[in-house]
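# Return a 3D structure for these sequence lines:
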Amino acid sequence: MEEKITIKVTIGDRPYQFSIDRNLEPMLRTAVQNIGDKMVSIRKKYACKDAQDPLAMILLQYVIKVIQYQQADPSSTIVREINSLDSQLDEYIKNNL
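Now for the predicted structure:
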């Protein structure tokens, strides 16, 4: 079993703490960086004052991509990984929020 670590990140001006497998840390940090970069871009383009609108736009963009991958090849590795991450996120939300 992979060693768990606790990391703290900031998404949409709010701090979050995650307990994850050590090998997932680079991917999570890259995801957080990508979200942050997209938020900066959206905030500049639309002059959003809070984080909710940019986060909603980012979420919509990613969900559209997931649906496209699922429709293109529902048995692909990336779709299975996305579904696994989705389940893990659901579990985290249920247990921590």
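
# what's the burial count for the residue nearest to residue 73 when sequence neighbours are not counted?
Using Cβ to Cβ, 6 or more residues apart in numbering and skipping residues adjacent in sequence, the residue nearest residue 73 is residue 79, 6.8 Å away. Where C-beta positions appear, they are placed from N, C-alpha and C, glycine not excepted. Look at residue 79: counted by other Cβ atoms under 10 Å, it has 16 neighbours.

# Below-threshold pLDDT in this protein: ranges please.
Counting by pLDDT under 70, the chain contains low-confidence residues at 1, 74, 97.

# ranges for the helices of it?
Taking DSSP state H, the helices of the chain run over residues 25-46, 52-72, 77-96.

# how about the ones you listed in a markdown table, adding distance to residue 12?
Below are the helices of the chain laid out as a markdown table (distance: least, Cβ to Cβ, whole Å):
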| stretch | distance to residue 12 |
| --- | --- |
| helix 25-46 | 7 |
| helix 52-72 | 5 |
| helix 77-96 | 15 |
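
# between those, which one is nearest to residue 17?
Among those, the nearest to residue 17 by Cβ to Cβ is helix 77-96 (8.7 Å).

# okay, the angle between the closest one and helix 25-46?
Angle, helix 77-96 to helix 25-46, by axes from the mean of the first three to the mean of the last three Cα atoms, to 10 degrees: 90 degrees.

# could you measure the one residue sitting closest to the centre of the chain against residue 49, distance?
Central residue of the chain (Cα atoms, centre = their mean): residue 31, 5.9 Å from the mean position. Look at residue 31 and residue 49: by Cβ to Cβ, to the nearest Å, they are 24 Å apart.

# cool, and residue 65?
The gap separating residue 65 from residue 49 is 27 Å, by Cβ to Cβ.
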